[in-house]
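Participant: A structural model of the following input is requested.
(one chain, ligands or ions: 1)
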Amino acid sequence: MSYLYQLIKLQNLDHTIAEDKNKLGKILHAKQDPSELVELRNAVDTLRQKIQKLKTRLKDEELELGSVSDKLNQNQQKMYSGKVKNPKTLQDLELESESLGRRQTVLEDQMLETMTVLETDELQYDEQHAALTAQEEAWRQTHADLENQQRDVALRLNEYLSERTKQTAKIEANLLKEYEHLLKSKKGLAVCPVSYEMCQGCRVTVNNAVIRAIDHGEIVNCPNCQRILYLPHP
Ligand SMILES: [Zn+2]
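Facilitator: Numbers count the residues shown, from 1 in each chain. From the prediction side, this is the model:
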């Protein structure tokens, strides 16, 4: 088989390789977690932290309310025990009890508010968490499909690449070098057909001498774009 034929075969192979590399790039890009999912994960995480803080706050309020109530009970026991006779001490106890009572009311209100917010947040969390679980599951499947596609394309690409190594061995070294240079500089088209006496790479007319030379099996470059020319068989 002529070098020209081997070059055309190599170029077809290179086009297939380029397509598969492109596919692989797209698959790798598609494998990244969707932004919608990342946002939902963050939202659920933020809500979880918020709920944790609310629970801690509620516990603190509960503890303080407990100690305020204890102190208030102690005061009241002292006041009504009849053991405290000093009017000043009694008055102090009364004032302190009033202050404790106010604190008790504030804490009870705060706790009620905390519990209301907590309840709303927990409902929202359950909803978001369920949505996230469903999305994660769907994404796991999509991701697994993409993994499979990636593996298939990568395996195929590997085969093409080893085929390419074999194919390049059939072509003379300098010609191969020229081909590879042209492939890069001529947008992936190093070898191109002459149709209607025109180079199909640059659309410039080539003369009969050029066509005859190709016909005789010579390696001929387009005088205009330098691509290697061939005559497509009818
Ligand atoms: Zn040309």
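
Participant: tally of neighbours for residue 175?
Facilitator: Other residues near residue 175 number 15, with proximity taken as other Cβ atoms under 10 Å. Yep, even glycine has a C-beta here, placed from its N, CA and C like the rest.

Participant: what score does it have for pLDDT?
Facilitator: In this prediction, residue 175 carries a pLDDT score of 96.

Participant: residues in contact with it?
Facilitator: 3, 7, 219 (Cβ atoms under 8 Å, 6 or more residues apart in numbering).

Participant: what is the nearest of the residues you listed to the ion?
Facilitator: Proximity of the contacts of residue 175 to the ion (Cβ to the ion) peaks at residue 219, which lies at 14.4 Å.

Participant: next up, phi/psi of that closest one, please.
Facilitator: Listed backbone geometry of residue 219 is phi -90, psi 110, with angles given as degrees, to the nearest 10.

Participant: which helix of the protein spans the most residues?
Facilitator: Longest among the helix segments of the chain by residue count, using DSSP state H, is helix 87-168.

Participant: starting at the chain centroid, how far to the lowest-mean-pLDDT helix or strand in the chain?
Facilitator: Taking mean pLDDT, DSSP states H and E as the measure, the helix or strand of the chain with the lowest value is helix 208-215, at a mean of 94. Relative to its chain's centre, helix 208-215 lies at 54 Å (Cα atoms, centre = their mean, to the nearest Å).

Participant: for stretch 155-164, same thing?
Facilitator: Between the centre of stretch 155-164 and the centre of its host chain there is 28 Å, according to Cα atoms, centre = their mean.

Participant: which residues touch that stretch?
Facilitator: Contacts with stretch 155-164, where a contact means Cβ under 8 Å, 6+ apart, come from 10, 13, 14, 16, 17, 20, 21, 24.

Participant: quick one: which of those residues is most hemmed in?
Facilitator: When neighbours are taken as other Cβ under 10 Å, the top entry among those is residue 10 (23 neighbours).

Participant: okay, it: pLDDT?
Facilitator: The per-residue pLDDT of residue 10 was computed as 98.

Participant: so which strand or helix has it?
Facilitator: For residue 10, the enclosing helix or strand under DSSP states H and E is helix 3-30.

Participant: how does the chain divide up, domain by domain?
Facilitator: 1-27+172-234, 31-168 (automatic domain parsing).

Participant: quick revisit: after the longest helix of the chain, next one along is what?
Facilitator: Next along the chain after helix 87-168, taking DSSP H and E as the criterion, comes helix 173-185.

Participant: low-scoring stretches of the chain, by residue?
Facilitator: Per-residue confidence of the chain (counting by pLDDT under 70) places the weak regions at 1, 234.

Participant: contacts only, for residue 124.
Facilitator: Contacts of residue 124 were listed using Cβ under 8 Å, 6+ apart, and they are residue 47.

Participant: hmm, try it at 10 Å
Facilitator: Residue 124 is in contact with 43, 44, 47, 50, 51, counting by Cβ atoms under 10 Å, 6 or more residues apart in numbering.

Participant: got the phi/psi numbers for the residue nearest the centre of the chain?
Facilitator: When Cα atoms, centre = their mean is applied to the chain, the residue found nearest the centroid is residue 32 (2.6 Å). Reported as degrees, to the nearest 10, the phi and psi values for residue 32 are phi -70, psi 140.

Participant: then the one 5 residues further on?
Facilitator: Phi and psi for residue 37, reported as degrees, to the nearest 10, are phi -70, psi -40.

Participant: perfect, that will be all.
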